[in-house]
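>>> Any chance you can model this:
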Amino acid sequence: MDIVGLSVSLAATSLVSLITGWWSINNLKKARYLLDTPTSKIRSAAQGYVELYGVLKEGEGLLRAPLSDEQCVWWSFAIDEQIQSGKDNKRWQQVEKGASAAYVCLSDGTGDCLIDPAGAQVIPMTKQVWYGSARHPLKEQMRKNFLQSMLRGVKRYRYTEQRLHVSEPLYAIGDFFTRGGGHDAFDVTASQGAIVREWKSDYQGLLRRFDRDRNGQLDEQEWQRVRDSAKAEALRLHRLRSAEPAQHYLRKPQEGQPFILSSYGEDDIAKRFYWQAILGAVLCITSALGAAYIINTQL
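This is a model prediction of the structure:
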């Protein structure tokens with residue numbers, strides 16, 4: 001009995017079983033989160049984990065996708081290079097990727113919500129895949145030199161670009177919060193302390209304002225005036241911020257819940273996660289049966 005070979009085979013099948021099992025459970029949890037979270041309206045949404053549905057607006061402005069140069073509000077791309085793998089085999093190896101970081105704006109008729117796409121699983125409607133002989137397709141298009149293109153054709157590249165566009169539908173689920181409009185949490189003691197620390201960083205200025213007897217020190221009464229003035233300033237700043245229009249935001253949750261932005265509806269995405277969960281379960285069971293078969297044949 002080949003102990004080393006048996007150990008390697010069991011380790012490989014066990015690892016595949018664990019990974020696919022985790023993947024299956026994770027996709028099942030995502031589907032349940034989507035179906036169990038009711039859709040909220042932006043104007044009345046509670047602070048915390050919410051589900052929104054609306055259309056995309058320009059928000060902070062339009063972007064240019066790096067590979068196609070198309071206008072959009074969000075993009076991601078990947079460039080793969082075809083490399084030789086063995087004598088007769090070729091494979092694709094990723095050499096570059098990226099995604100835009102600008103906020104996207106979702107509107108549902110009751111208000112607008114700015115979404116930070118960092119950390120989101122984005123499932124866009126637009127996905128393009130094409131091939132070329134230069135690492136960056138726009139540069140290749142600008143050359144207009146057929147002979148040079150043929151010479152560069154020894155290396156082939158695959159370009160993948162995904163985009164979100166203005167007026168497309170958007171489903172979003174994540175951590176919702178509001179700033180301004182009286183929604184900001186306010187701790188008067190903490191704000192007062194922050195202002196006092198800021199004033200103390202310019203101690204000479206603090207003395208000019210509050211050292212009444214000009215002895216170069218602040219006694220207890222003068223320190224009390226400093227604290228009272230800092231509290232009044234904290235309240236004034238809070239009133240100013242509260243008077244500003246409310247601005248709603250969506251970001252990646254801190255509790256590990258799914259953060260998803262999709263051009264497709266909730267039911268379509270949940271169905272996709274269920275199918276992925278089934279596939280993961282099948283692979284997990286197959287790997288476990290493979291491990292059992294290896295053990296039985298070797299014993």
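
>>> can you give me the helices in the chain?
With DSSP state H, the ranges of helices along the chain come out as 3-36, 137-143, 146-152, 188-200, 203-210, 220-243, 266-298.

>>> Name the residues of stretch 267-286 that come out as buried.
For stretch 267-286, burial by neighbour count (16 or more other Cβ atoms under 10 Å) applies to 269-270, 272-274, 276-277, 280-281, 283-284. No exception for glycine: its C-beta is placed from N, CA and C like everyone else's.

>>> okay, now the domains of this protein?
Domain ranges of the chain: 3-180+245-298, 188-243, per automatic domain parsing.

>>> Tell me which of these is the most buried.
Neighbour counts (mean count of other Cβ atoms under 10 Å) averaged over each of these peak at domain 3-180+245-298, with a mean of 16.

>>> Lowest mean pLDDT among the helices and strands, pick that one out for this protein.
helix 146-152 (a mean of 48; mean pLDDT, DSSP states H and E).

>>> Give me the contact list for stretch 217-227.
192, 196, 199, 206-207, 210-213 (Cβ atoms under 8 Å, 6 or more residues apart in numbering).

>>> wait, I meant stretch 199-213
216-219, 222-223, 225-226, 229-230.

>>> if you average pLDDT over that stretch, what comes out?
Across stretch 199-213, pLDDT averages out at 84.

>>> Tell me the gap between it and the middle of its chain.
45 Å (Cα atoms, centre = their mean, to the nearest Å).

>>> residues contacting residue 117?
Per Cβ under 8 Å, 6+ apart, neighbours of residue 117: 74, 99-104, 261.

>>> Can you tell me which of the helices of the chain is nearest to residue 178?
Closest to residue 178 of the helices of the chain is helix 220-243 (Cβ to Cβ; 11.6 Å).
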